[in-house]
Structure formats: structure tokens, C-alpha cells
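Asks: sequence first, predicted model second:
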Amino acid sequence: MLNVDRMMPSNDFFIWVPLLFLCSSLLLLKTIRKQANPNNKLLPPGPPKLPLLGHLHLIGSLPHRSLSQLSKKYGPVMLLQLGSVPTIVISSAAAARELFKFHDLASCSRPLLTGSGRFSYNFVDLNLSPYGERWRELRKICMLQLFNPRRVESFQEIREEEVGRLVNSISQSSSSSSPIDLSDKLYSLTANITTRVAFGSIFSGGKLDDEHFQHVMRRAVAAIGSFSMTDFIPSFGWIIDRLNGVHERLEKSFAEMDAFFQHVVEDRINFKKSSKNEENIVDVLLRMERESSESDALKVTQDCVKALIMDIFLAGVETGASTIVWAMAELVRNPKVMKKLQDKIRSCIKEDSVKEIDLEKLEYLKMVVKEVLRLHPPAPLLPPRETISPFKLNGYDIDPKHHLHINVWAIGRDPQSWTDPEEFFPERFIESNVDYKGQNFELIPFGGGRRICPGMNMAILVVELALANLLLCFDWKPPDGMKEEDVDMEEDAIKKSPLKLIPVLSTNF
Ligand code: HEM
């Protein structure tokens, strides 16, 4: 008789075989992983990728939004492969805090991108250049000479005059009760202030008038922000860039800006300064050029002077204008906040205009500006960084030579940091110490660490001064037939459609 019991595997068999199978599978998985990740590192998670493209196909036309969506699934520290470029994306205040507090030095370089190289005169500027001794020296000198509080204060008259000119031009149109293009007017405001601060009031723009220069500048901002395939698929991306016009637009736009700045620099060199004139930024830069010698760690050349002027225009004009435009759009959509802010300003200011000295008293205005920068940071992804040395972030291993993006837009709308994050609610800042100066990582529209925006104080003065005067002097309505809530808030790189509103001269004015 067959002993069925003996033919049947023992109980041990049922335990050991699956166990052995499990162990060998785990071993196999570990070996495969080890081959992909030879140093046995714990890499940040990321979605499955395509050959060659990696995750490029997942990045939409508004990268901060697509990356924010991805981070909901893969977490606040993600690893993406953009073509051939490994890229870390940070999307929470906690991860940003850890980065800025403990790994700022290890992550504060900039990648050598095609557009950055062109517009920085081959990386001799401040904003786009990699970290190193040259950058450190340049930043030190610029902080001392260009962005110090005394220099910022010295331009007060220019800011007040230009805001006054804006108010006058709006009051002329206010009698017609037709909408004005506020986006356009605010762009002219920040461009005029920057032009006067940089070049002085006697500057002649050569063949370029104000309006033409603004077009040139807008094209430059678009060109530098455009995605160059050369940077991500070097083997044949350069062919794509030539076929789709990216390369040509970049070269053309750079040539236009360069010709303009060359003219400015020559104009300024030949200009005999009278002792009464305040030094403008080009004067300071040309003095830096004269004073630096070949033996200095930092030799300031004429290209370096032009590269720094480029930084100031590309970093400072659209950012300020965009902040004021978003503020006005939010205020029109939230009439109670608009009314409260106007009452506060009008009860505090008894003159017909707000001066810079008054701004300290306008606490609610400061809350409104913080709320606007939280919801609409002009750089929703901070300019890309490049890691320099290895470090651990959120428990993950981060390697050198990775691009690193900080998604300020996602951090500003993170429910972990903000109650009702999608609401425009400036009162959230009452009795809160949170500000944008780089120490509160839930609100970092000016970035943080070594690369923090050096123009922050200058920018905030312009934004606050312009807003305070627009709200003191006028009441604002959407165009006839449009309800407040219908004001379009769609974004492109900036607010997509121009903001058109009807100004009504206030009785205070
Ligand atoms: C609302 C207005 C502005 C905003 C939101 C803004 C934001 C920023 C941000 C996010 C960065 C990058 C920081 C980082 O990488 O961590 C930056 C850098 C920079 N900004 Fe601004 N900015 C504004 C206005 C200005 C103005 C008016 C100027 C000049 C007058 C300026 C000059 C610069 C420069 C030179 C850098 C490069 C700093 C470096 O890499 O060392 N910005 N800005």
C-alpha cells in the first residue's frame, strides 16, 4: 500500500519552500537594485520613467503645477530624471528648512544651462553663475555697493516720483470710466524705476524708446525661461532647438539686450558726472571695474558689468510688476479685503499721496503683500540649483551634480503649513511672525540661504508704495458687465491675461 502520508510533503515543506522562494526573490531584487544603485543608497522616490526622456513628458506648460501634482503622490523630496539630468524636487516647508539650514552650501550652485550661459556673458554674473570663489567675491561686493540699505534709500525720490507719475496718468484716464490695462502700466512703472535706478535720469536709450525696450526685455525673459532641449538631451537636443526656433530666439534676444547695454555703458563712460548727481548702478559697476585689478580674485570686466545690469533687469522688473498685478486682481475679487485695506490707508494718510516713510504704519498692507507672495510667487520654482557635494535630505541620499528645484508655489499652498491654503486671507498673518525674509520656510518667495534675493528690500518698497497709492487715490471696479469673482486668475509665466480695471478717482484725492 502506498503510504500516502509519506508521499505527501511534510508540514515543514510547506513552510520552507515558500520561505526559500521569498528569500531568493528578495536576494534577486536586492541584486538588481544594487546594480542600478551600486552604493546601496536610499534614493528619493519618483514615478516610472521612459527611456531617453525619463520624466520629461510629465512636465507640463506650468512646471510648478505638474511637479506639485507629482509630489502629492511621491512625497516632498522626489527624484526625477529629466532627459539625462537627475533632478531633485522639494515641495514642503520641512524639506526646504532642512535644505537651507543644513545643506545650503552643498546645494547652492547653479547648473550651466544654455540660456543662462548666454545671458550671463558666460557665467560672470550673480544670478545665473555657479557657486565658487568668484561668485562669493561678486556677491560680497554687490551687497556692499549695490544692495546696501543706504543705496536702496538713495533711490527713494525716484520711486516716489515714478509712482506719482503712474497715479497722474491713471487719474487722466479715470474721467472716461473705461477700463485701463493695469498690467501694462505696472510693467512700465517697474521698468521705469529700474531704468532710472540703473542708468540715471539723463540716460538716453539710443535707438530704443521706453516702449521698445520693454518689448525687448519681455522677449529676453521669455527666451531665458524657455526650455532648451540641448540641456536635457545633449546628443540631439541641439538639433531640436534649432528646428523649433529656441536657439534663434535666444541668440536674437541676447543680441538685442547686449546692444542696448553696450550703448548704456558707453554713454555712461563718456558722461561727465556733476558732483550733485547720485551715483547710479552703472556708475557703481564701472567704478568697480576701474578699481579691480588683474590680480584680484574677482576681475570686474565690461562683460561682468553688462551681466550684472542684465541680472537687475531680468530679476527685478517683471517680478515686481507681477506682484502688484496679482495683488490688485486678488483685491478686486475680494472686495471686503479691498475695502478694509483702503479704510486703513485712508484713515492713516491725510496727504494726497503715500510716501515711503508712511509704509511702516500700514500693517495690513504688509499682510496683504505677504498673502499675495504666498499665493502668487513671481518665481514659483526657485531658479534651479545644482548640488555640489553629497548630503542626506529627509533620510534620502542626494548626490552631487543633480539639479535641484524648490517648488515655492506648492509650499505656499501646502495644507500642512497653511489653513485653507487656497483662500486669499491676509488676516492669517495677524499675530504671526511669519515673513518672507528667508527664515520661515513656508513662505520663501525670495528664496533663502546664500542665494537669497539681494533686491528684496528694493522690491518690497516699490510693491508697497505702488499698492498704497493706487488704493488711496482710486476705487477699483471690474469692466462693466463683469462680476468681481469673474476677474480672470489664470496664470502663464505671469498672470495670463492683462488685468483691466476701471479706476474711479477717490474723494480723498
Ligand atoms: C517681488 C520682486 C522680486 C522677487 C519675488 C524676487 C525673487 C528672487 C528669487 C526667488 C531669487 C532666487 C533666490 C534663490 O535662488 O534662492 C532672486 C534672486 C535674485 N534677485 Fe530677486 N526678486 C525680486 C526683485 C528683485 C529686484 C528688484 C532685484 C534687483 C534690483 C533683484 C535681484 C536679484 C538678483 C541679482 C538675484 C540673484 C542672487 C544670487 O544668485 O546671488 N530681485 N530673486
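Replies: The structure has been received and is ready for your questions.

Asks: how about Pro377, what does it touch?
Replies: Residues in contact with Pro377 (C-beta atoms under 8 Å, 6 or more residues apart in numbering) are 408-409, 412, 445. Every residue, glycine included, has its C-beta placed from N, CA and C.

Asks: so it is in which element?
Replies: Secondary-structure assignment from DSSP states H and E places Pro377 in no helical or strand segment.

Asks: what of Leu80?
Replies: Using DSSP H and E, the secondary-structure element containing Leu80 is strand 77-82.

Asks: avg pLDDT for that strand?
Replies: Taken as a whole, strand 77-82 has a mean pLDDT of 98.

Asks: could you dump that strand to CSV, C-alpha only?
Replies: Output for strand 77-82, consisting of C-alpha atoms alone and laid out as CSV, is shown next (Å, rounded to 0.1, in the frame of the first residue of the first chain):
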residue,chain,number,x,y,z
VAL,A,77,11.5,65.1,-1.8
MET,A,78,11.4,63.5,-5.3
LEU,A,79,14.0,62.3,-7.7
LEU,A,80,13.1,62.8,-11.4
GLN,A,81,15.2,62.1,-14.5
LEU,A,82,14.7,65.0,-16.9
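
Asks: show me what that strand is packed up against.
Replies: Under the contact criterion of 3 or more C-beta pairs under 8 Å, 6 or more residues apart in numbering; DSSP states H and E, strand 77-82 touches helix 63-74, strand 85-90.

Asks: right, so of those, which gets closest to Gly455?
Replies: Set against Gly455 and scored by C-beta to C-beta, the helices and strands packed on strand 77-82 come closest in helix 63-74, at 21.3 Å.

Asks: check contacts around the residue nearest in space to the middle of the chain.
Replies: The geometric centre of the chain, computed from its C-alpha atoms, lies nearest to Ala379 (C-alpha atoms, centre = their mean), at 2.1 Å. Counting by C-beta under 8 Å, 6+ apart, Ala379 makes contact with 319, 408, 445, 447.

Asks: please repeat the previous calculation with a cut-off of 10 Å.
Replies: With C-beta atoms under 10 Å, 6 or more residues apart in numbering as the criterion, the residues that contact Ala379 are 64, 315, 318-319, 322, 406, 408-409, 444-447, 453, 493.

Asks: state the phi and psi torsions of it.
Replies: Note on Ala379: its backbone torsions stand at phi -110, psi 80 [degrees, to the nearest 10].

Asks: roughly how far apart are it and Leu314?
Replies: Applying C-beta to C-beta, to the nearest Å, the value for Ala379 to Leu314 is 11 Å.

Asks: skipping its backbone neighbours, what lies nearest Glu427 in space?
Replies: Among residues not flanking Glu427 along the chain, Met367 sits closest, at 7.0 Å (C-beta to C-beta, 6 or more residues apart in numbering).

Asks: out of the contacts of Ala379, who's near the ligand?
Replies: Intersecting the contacts of Ala379 with the contacts of the ligand gives 315, 319, 445-447, 453 (criterion: C-beta under 6 Å from any ligand atom).

Asks: quick revisit: deepest of the helices and strands packed on strand 77-82, which one?
Replies: For these, the largest average neighbour count (mean count of other C-beta atoms under 10 Å) is found in strand 85-90, namely a mean of 24.

Asks: what's downstream of the host helix or strand of Val163, the next helix or strand?
Replies: Taking DSSP H and E as the definition, Val163 sits inside helix 156-174. For helix 156-174, the following helix or strand on the C-terminal side (DSSP H and E) is strand 180-181.
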